[in-house]
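Participant: one predicted model, sequence on top.
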Amino acid sequence: MFDVAWLLFALPAVGALVILLLGTRLPFKVVGWTASAAVMATFGVAAALYFGLLALPVDQRSVTIVYWQWMTIGNFQVPAAILIDPLSVLMALVVTGVGALIHIYSIGYMAHEERYQRYFFYLNFFILAMLTLVMSNNFLGMFVGWEGVGLASYLLIGFWFDRRDDMYGWYADAGKKAFIVNRIGDFGMLVAMFLIWSSLGTLVFTDLGEAVHGLAPAAATTICLLLLLGAAGKSAQIPLYVWLPDAMAGPTPVSALIHAATMVTAGVYMIVRTNALWHMSETAMLTAAWIGALTSLFAASIALVQTDLKKILAYSTVSQLGYMVMAVGLGAFGPAMFHLTAHAFFKALLFLAAGSVMHATSGVLDIRRLGGLRKKMPATYWTFAIGAAALAGIIPFSGFFSKDALLVAALEKNLAIYLVEIVAALLTAFYSFRAFFVTFHGRPRDEQLYAHVHESPQIMTIPLWILAALSVVAGLLNLPFILTLDKWLAPVVGAHEKINITIELLGILISIIISFFGLLMAWALYVRRESWPQRLARPFRFLQPMLENKWYIDEVYNMAIVGPLKAAAGWFARFFDPKIIDGAVNAVGEVAIDSGEAVRKLQNGAVPTYAFSIFLGVVAVVLYFVFAH
Amino acid sequence: MNFTLPYLLSIITFLPLAGAVVVLFVPGEGAKKTLALLATLLTFVVSLLLLPNWQNVAGMQFVEELAWFPPLSIRYALGVDGISLFLVLLTTLLMPIAVYFSNLYVHKRLGAYMALMLLLETAMIGVFLSLDLVLFFVFFEASLIPMYFLIGEWGGQNRIYAAVKFFIYTFAGSALMVVAILLVYFSTGTFDIVALQSAQIAPAVQTWAFIAFALAFAVKTPLFPFHTWLPDAHVQAPTAGSIILAGVLLKMGTYGYLRLAMPIFPQAAVQWGPVVATLAAIGIIYGALVALAQKDIKSLVAYSSVAHLGYVMLGLVAYNAIGISGSVLQMVNHGLSTGALFLMVGFLYERRHTRLLDEFGGLWKSIPVFCGLFLVVTMSSAGLPGLNGFVGEFTIMLGTFQAMPFFAVVAALGVILAAWYLLTAYRKMAQGEITRPENDKAHLKDLRLDEVLLVLPLVLLFFVIGLFPNLFFDKINPSVEALVAQQQARMVQHVTVENSGEFSTNLFIVETLGQ
């Protein structure tokens, strides 16, 4: 069963190569379906691996396949190898499953794009890199996928590299920003790998469990904080989340696949994968928990006032990733993976539904110009409703169960974090339904735009319905007290910690109340237009400009880091290097040799004589020394 | 038995020289072009014979030895080991590419040009194969002259200044080296590079000779702050000159440091290691920042070389197998990546006759094949995992981290900056809108098939090295491990010999080495 694992990489690679080499000669549909078929087949392979694992006894569900020795110098040895275990297979299923749906959706969405070969090539390449990331059995192999998905993300954000608009500036710049900010995180990953290898002598994940016991607490903390920096880059956490909102410049299916469902969860996956290390450092875990908690609150607060549908979803993604990072920080690895999976479904759904709106409005996503789309786009309307309900955590949608699992873990372990997350959950419910109501309910605000609105073709709505169905039922993966997913992941992350039943029930109750309260507030404010919610919000009006400008974080970074570095670069390049260093060189040169003379002779065409006399001079000097002795 | 040739190394070294003579005397431009290309291709094919006959062991292979000037025991001695093998192959691979490019675009005094290129190849291969200090020095100096003429005669606007600066600067370095070579000879009585690796040289002599060697190689590499000749030389040099200069010539500096300065003067090298490491680390950050502010692509790539060779020097002075093997591979990687970068820039320059980034923009629309390939080359240079540059950079930093963690962290910061300046260049050139009519589809032609085929071998090697670096490490490691082991043994020896309070610092050095 596991012999087919190499196809996980071969299939998307072949898909990408076929498109790269033959794409220009193939029509749009063929290219789109080639790419989609490759990913669907890959999903089949992932499913085969799943059944393969299922057939094994629980304690043997960890299969390593070494393909070749990648790097070997003395005792530094890294294999090119994969690890098939419950965690990697779960990720592979999510990546290829959601990935296949989004590939198919793209066949509809990108139908009018002239550079379609490039698009599907990048998409298949992304799947290849993402599977490398999740399947690798060691840090360095994971890092290949880690930066590979970064490259795919860079290329796809800047897919329309020749476009610019007021919201994103040049799209190409958004892609560049994503890559560079991610490299800051990768710096953390690199140094973490140096430290891990130096202190543990291995980079292989399955060796960590035993090796960590000798690890000094300070070293463990340093390593984990560096890994956290890496996770903050990839999973868009404070302080490195700034690239993700700009990443929305990419085509919407890309936002769904890469910047919501899969790539951005890599940081969370990486922490879960290295949980053995994290168990060694309480400090690092608490830091992660707080970073995650604050990110979720902070991003949710920005999402409240955004007027672009994709930006709302982007900040929502940052916020939900914050929940996951919070959870891994509290040691709730199973619930984090549960939320990761459910989020992949409902956030991909929301983005694709937003894409369907975009498709209908020729790219307009400003919710102030939308409204009343319900009647013209029923499929989009209902699927978005399901996605919004799941995101808001309305019972019994999947998001309710997955978020509740995180919240209960917080309630059990850290009340302060729990309170932060409850507020964030309230905001989430509110902004989810704000986006939903303003877009689909009420009267159209832009009649001209509304006149052209139409429902998307089936090739787009069918993936929407499949994801909607998954968003409804994914809660079944890990129902409270039954915990199918927690048990599945137990061989990797350890058994689920028993939670006091009173706390569990209390948590569920609060979650239900909070989500409905958020829903009601949004309904009252945006459908009923009553005055009480406005009065309720008035004391916080002073926050409005801060929120609308995203807390001025981009500006602060530009002033504090980018600006000074650029100024230094300019000063080095225009003054220090030519005037000081080279100035000194030339001054020395002029003293030593009459270079003006040399240049004059050269210009007279006496080059050979001159150079050869130097050469002969050297030989003469050598001989002189030699014979003088 | 695999097929091989007698005097294989001599043939590889002097085939190009023979080619140069023929090219000079054959009439007709077409014949000169064809013959020059054939000579370099033949050299490449012959040099490939090294691989099937290779043994993965330490020590020199294919050794040839002849007395040259017996009274002073100066020998004609050639040999190749894991450290020099891939540098030789890099040279023989890049030469046909550079010559083919020149065939397309060089028209002035073709015979002399090709003869100089071929002469240069002989000199460069000779540097990597010499086992005798005098022979090494002769080749080292001989490489200066053709490059000097290539820049001075076939270069850009300001070529005379650049050529003279290149010549005098590197020549000043070599002048120091002559003195140092004589110092070495007078204190050991031999020029034998292999024998010198186990010779004892008095500490005071070591220090001075080491400084002289190190300076010569620091200029060549170039190590910050001895780098200012490089941007001038690159900007002015013709494309093929830049490919060879960045691809091979700079490695003569790092190679010399590893082959001569480190093993012949072990104590001094260890003592001065932190100084070199500091300069290398400064070079990584400084080169990257200055590259960020460049307007001309060629000077951007030149400054990126300062940063990249900073990594190589850092790995060398880490003094462990991981760092040094990484550095040896990274020399090859830099040759391939930067060679490819200059080649691509050359294609663009021949079409647009400018290299200023601001003159471009949106090229991905008009010349997609060029831009796609350029992106792969850029990513290789940026050290994207899965490609060649990453393997070298990672092992270098990992090795450095064992010896000098702080410098490894600085080097890792350089990885962020590399992405910044490379993507900025790519952004200005390939992305955005087409702002000038010269850059649109009607005026700018995409790469022809032969031009793609010229870059393709380099691009394929990016992937081969990135995914299967052990094909290379298997051959590099034994020589590097032997070098490190010998080094450690000699340090211990040295302490026993001294065995007094005078050199107590050495005890500390041994400890760091022993790690």
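Facilitator: Sure thing, it's come through.
Participant: okay, CA-based contacts and neighbour counts for the rest of this
Facilitator: OK.
Participant: what about the closest residue to residue B:385 other than its chain neighbours, neighbour count?
Facilitator: Spatial nearest neighbour of residue B:385, chain neighbours left out: residue A:144 (4.7 Å); criterion: Cα to Cα, 6 or more residues apart in numbering or on different chains. Residue A:144 has 22 neighbouring residues, counting by other Cα atoms under 10 Å in any protein chain shown.
Participant: now for residue A:144, which secondary structure element holds it?
Facilitator: In this assignment (DSSP states H and E), residue A:144 forms part of helix A:139-157.
Participant: and the strands in chain B?
Facilitator: Applying DSSP state E to chain B gives strands spanning B:61-69, B:74-80.
Participant: mean confidence for the longest one?
Facilitator: Think strand B:61-69. Strand B:61-69 shows a mean pLDDT of 90.
Participant: who touches the helix or strand that the helix holding residue A:144 is followed by?
Facilitator: Beyond helix A:139-157 in the direction of the C-terminus, DSSP H and E gives the next helix or strand as strand A:164-165. For strand A:164-165, the surrounding residues in contact (Cα atoms under 8 Å, 6 or more residues apart in numbering or on different chains) are A:170, A:171.
Participant: same question, stretch B:81-96
Facilitator: Stretch B:81-96 has contacts (Cα under 8 Å, 6+ apart) with B:37, B:40-41, B:43-44, B:47-48, B:58-61, B:121, B:124-125, B:128-129, B:243-244, B:247-248, B:255, B:328, B:331-332, B:335-336, B:339, B:475-480.
Participant: do stretch B:418-434 as well
Facilitator: In this structure, residues lying in contact with stretch B:418-434 by Cα under 8 Å, 6+ apart are A:161-163, A:170, A:172-173, A:176, A:179-180, A:183, B:288-289, B:291-292, B:297, B:304, B:357-358, B:360-365, B:371, B:375, B:378, B:382, B:440.
Participant: what segments of the stretch 251-400 of chain A are helices?
Facilitator: Secondary structure of the stretch 251-400 of chain A by DSSP state H, counting those that start in this stretch: the helices cover A:252-256, A:266-273, A:275-278, A:282-303, A:309-329, A:333-360, A:378-392, A:398-413.
Participant: looking at these, which is nearest to residue A:188?
Facilitator: The closest of the helices of the stretch 251-400 of chain A to residue A:188 is helix A:266-273. By Cα to Cα, the value is 12.0 Å.
Participant: which helices and strands does the closest one pack with?
Facilitator: If you count contacts as 3 or more Cα pairs under 8 Å, 6 or more residues apart in numbering or on different chains; DSSP states H and E, helix A:266-273 packs onto helix A:116-135, helix A:217-234, helix A:309-329, helix A:333-360, helix A:484-493.
Participant: on that earlier part again, how distant is the helix holding residue A:144 from the center of its chain?
Facilitator: Chain-centre distance of helix A:139-157: 10 Å, with Cα atoms, centre = their mean, to the nearest Å.
Participant: tilt between it and helix A:266-273?
Facilitator: Angle, helix A:139-157 to helix A:266-273, by axes from the mean of the first three to the mean of the last three Cα atoms, to 10 degrees: 160 degrees.
Participant: would you mind extracting the C-alpha trace of helix A:139-157 into CSV?
Facilitator: Only the C-alpha atoms of helix A:139-157 are listed here, as CSV (Å, rounded to 0.1, in the frame of the first residue of the first chain):
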residue,chain,number,x,y,z
PHE,A,139,13.2,19.5,9.1
LEU,A,140,15.4,20.1,6.0
GLY,A,141,13.1,18.2,3.7
MET,A,142,10.1,20.0,5.2
PHE,A,143,12.0,23.3,4.5
VAL,A,144,12.2,22.5,0.8
GLY,A,145,8.4,22.3,0.7
TRP,A,146,8.2,25.3,3.1
GLU,A,147,10.1,27.6,0.8
GLY,A,148,8.6,25.9,-2.3
VAL,A,149,5.1,26.8,-1.2
GLY,A,150,6.5,30.3,-0.5
LEU,A,151,7.7,30.5,-4.1
ALA,A,152,4.3,29.3,-5.4
SER,A,153,2.6,31.9,-3.2
TYR,A,154,4.9,34.6,-4.5
LEU,A,155,4.2,33.7,-8.1
LEU,A,156,0.4,33.4,-7.6
ILE,A,157,0.0,36.6,-5.6
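Participant: picking that back up, got a quick ChimeraX command for the buried subset of the contacts of stretch B:418-434?
Facilitator: Listed next is the ChimeraX selection for buried residues among the contacts of stretch B:418-434, using 16 or more other Cα atoms under 10 Å in any protein chain shown:
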select /A:161,162,163,170,172,173,176,179,180,183 /B:288,289,291,292,297,304,357,360,361,362,363,364,365,371,375,378,382,440
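Participant: which residues touch the closest residue to residue B:324 other than its chain neighbours?
Facilitator: With Cα to Cα, 6+ apart as the criterion, residue B:324 has its nearest non-adjacent residue at 4.8 Å, and that residue is residue B:316. Residues counted as contacts of residue B:316 (Cα under 8 Å, 6+ apart) are B:258, B:323, B:324, B:327.
Participant: least trustworthy helix or strand in chain A by mean pLDDT?
Facilitator: Counting by mean pLDDT, DSSP states H and E, chain A has its least confident helix or strand at helix A:595-603, which shows a mean of 52.
Participant: name the helices or strands packed onto the helix holding residue A:144?
Facilitator: Against helix A:139-157 (3+ Cα pairs under 8 Å, 6+ apart) you get strand A:76-84, helix A:116-135, helix A:171-200.
Participant: hmm, try it at 7 Å
Facilitator: In this structure, helix A:139-157 makes packing contacts with helix A:116-135, helix A:171-200, judged by 3 or more Cα pairs under 7 Å, 6 or more residues apart in numbering or on different chains; DSSP states H and E.
Participant: which residue, other than its chain neighbours, is closest to the residue in the stretch 101-250 of chain A that chain B sits nearest to?
Facilitator: Closest residue of the stretch 101-250 of chain A to chain B, Cα to the nearest Cα: residue A:162 (4.3 Å). Excluding the flanking residues, the one nearest residue A:162 by Cα to Cα, 6+ apart is residue B:432, at 4.3 Å.
Participant: and the residue in the stretch 351-500 of chain A positioned nearest to chain B, how many neighbours?
Facilitator: Residue nearest to chain B within the stretch 351-500 of chain A: residue A:363 (20.0 Å; Cα to the nearest Cα). Neighbours of residue A:363 under the rule other Cα under 10 Å: 13.
Participant: next, count neighbours for the closest residue to it other than its chain neighbours.
Facilitator: Excluding its sequence neighbours, the residue lying closest to residue A:363 (Cα to Cα, 6+ apart) is residue A:357, at 8.0 Å. Residue A:357 has 26 neighbouring residues, counting by other Cα under 10 Å.
Participant: same check on the one 4 residues further on?
Facilitator: Using other Cα under 10 Å, residue A:361 has 17 neighbouring residues.
Participant: who touches it in this structure?
Facilitator: By Cα atoms under 7 Å, 6 or more residues apart in numbering or on different chains, residue A:361 lies in contact with A:449, A:452, A:453.
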